[in-house]
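Provided below for reference: sequence and predicted model.
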Amino acid sequence: MRVLIIDDEASIRKTTRIAVETAGHVATEAPTSARALKALEDEPFDAAFLDVRLGAEDGIDVLPRLLKVRPNAAVVMFTAYANIATAVEAMRRGAFDFIPKPFTPDQIRAVLAKIEKNRTMEQRLQSLETELAGSLPPVDLESGEPAVQRSLEIAFKAAAAPSTILLLGPSGTGKSILAREIHKRSPQRDAAFVTVSCPSLSRELLESDLFGHVKGAFTGAVSDAPGKVAAADGGTLFLDEIGEIPLEIQPKLLRLLQEREYERVGETQLRRANVRVIAASNRNLSAEVQAGRFREDLFYRLNVISIGLPALRERPGDLRELSNVIERAVILAAGPGIELPDLPEEFSVRPDPAVAVGTRVSLEALENEHIRRVLGISGSLDEAARTLGIDPATLYRKRQKLGLL
């Protein structure tokens, strides 16, 4: 690895350089932040050692400037024992690790080994992702319907810009597939594509999943968690079924969209994230705004580029989904014709005659059968949840348990 040593003390730079070189790496010295930034601009360094007290400069202030030039460089902070709290704060701001002064060459070599192991794991993961992407069949987004063709044209044209995109349409129309395809065609294609399923968690857990939390923020928060906004930094954040996000979280999401700022649950430190947001909903969000269930300012912030995806029943010339269902049913059919049991579960709810009120069955079996029937006659998850008298997140988990997703 190429390693940059940034310290105003010549003796520290020399000791560190010897430890780095005996570990088999290449070292470069820089006594000031100006020299360090020039070196980073000129050469692709893998790691850097930075003193918290860099002469008259504060290493904490120098750190973000280094990471702006080389975001992937692992920066290790040098600090006196009295400044360990400062070093920990530097790690929260992006430093890889810290080493207290005075240090030994073995400590330098140990942290270099950790950096090298981390880089190797990242390279293996990237290799696996590339291999997996190459093994997946291409997504067929062609359509014979003019309305769908127009939607795809808008989506692919908008992919090149950083604007927020809102995908609207019934469940099963391919919103998540289109969102991923937009990401693949965007300047963020090499960064992460992170999905947040808004109806899948309770309000508290959804907020933590989205923005992250700090240790002790709530019962069960035994360690810090960065959250999916941080995971999507530099890439795309896909908010699936945004219409079901609780009102309490909506102002925080609005701030992320407006200011690119957010806070983790349990802390007041303001964090920044450069994320491109794609949202999807099977609801009429304008009606949700009128009903007071969705903030008007959030709706307008999301509705920069709105793309509608028609339901299958509105696309008579584009029935590939139906074709796949028929092909499956023909293959699996027990007799010469296609019967109701040959179709996928989501096409019908087949009542179990053995499960009825007053029969010798458990309450759990009755509940499961009732949930199946209500889902079968409801137009959306939210409608089913209102009928059952439970929140959508609870219903989502019950659907998972029943294998209905």
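Received, thanks. Numbers count the residues shown, from 1 in each chain.

can you pull the contacts of the residue nearest the centre of the chain?
Nearest to the geometric centre of the chain sits residue 194, at 2.6 Å (C-alpha atoms, centre = their mean). By C-beta atoms under 8 Å, 6 or more residues apart in numbering, the residues touching residue 194 are 228, 231, 232, 235, 236, 237, 238. Where you see a C-beta, it was placed from the backbone N, CA and C, and this is true even at glycine.

Can you redo the residues you listed as JSON lines, where the extra columns are distance to residue 177 and secondary structure?
Shown next, in JSON lines, are those (distance: C-beta to C-beta, whole Å; DSSP: H, G, I helix; E, B strand; the rest coil):
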{"residue": "228", "distance to residue 177": "19", "secondary structure": "helix"}
{"residue": "231", "distance to residue 177": "21", "secondary structure": "helix"}
{"residue": "232", "distance to residue 177": "18", "secondary structure": "coil"}
{"residue": "235", "distance to residue 177": "17", "secondary structure": "coil"}
{"residue": "236", "distance to residue 177": "14", "secondary structure": "strand"}
{"residue": "237", "distance to residue 177": "17", "secondary structure": "strand"}
{"residue": "238", "distance to residue 177": "11", "secondary structure": "strand"}
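
Now which of those would you call buried?
Buried by 16 or more other C-beta atoms under 10 Å: 228, 231, 232, 235, 236, 237, 238, out of the contacts of residue 194.

check contacts around the fifth one.
Each residue near residue 236 by C-beta under 8 Å, 6+ apart is listed here: 179, 182-183, 186, 188, 191-194, 275-278.

which residues are in contact with stretch 26-34?
Contacts to stretch 26-34, defined as C-beta under 8 Å, 6+ apart, come from residues 1-8, 10, 13, 16-17, 20-21, 36, 39, 43, 45, 54-55, 57, 62, 65-66.

Contact partners for residue 201?
Residue 201 makes contact with 209, 393, according to C-beta under 8 Å, 6+ apart.

Now residue 74. Nearest residue, chain neighbours left out?
Of all residues not flanking residue 74 in the chain, residue 96 sits nearest, at 3.8 Å (C-beta to C-beta, 6 or more residues apart in numbering).

quick one: that neighbour and residue 72, what's the gap?
The gap separating residue 96 from residue 72 is 11 Å, by C-beta to C-beta, to the nearest Å.

Then residue 334?
Note on residue 334: its distance to residue 72, by C-beta to C-beta, is 56 Å.

I'd guessed residue 178 sits against residue 141; true?
Yes. Using C-beta atoms under 8 Å, residue 178 is in contact with residue 141, at 7.1 Å.
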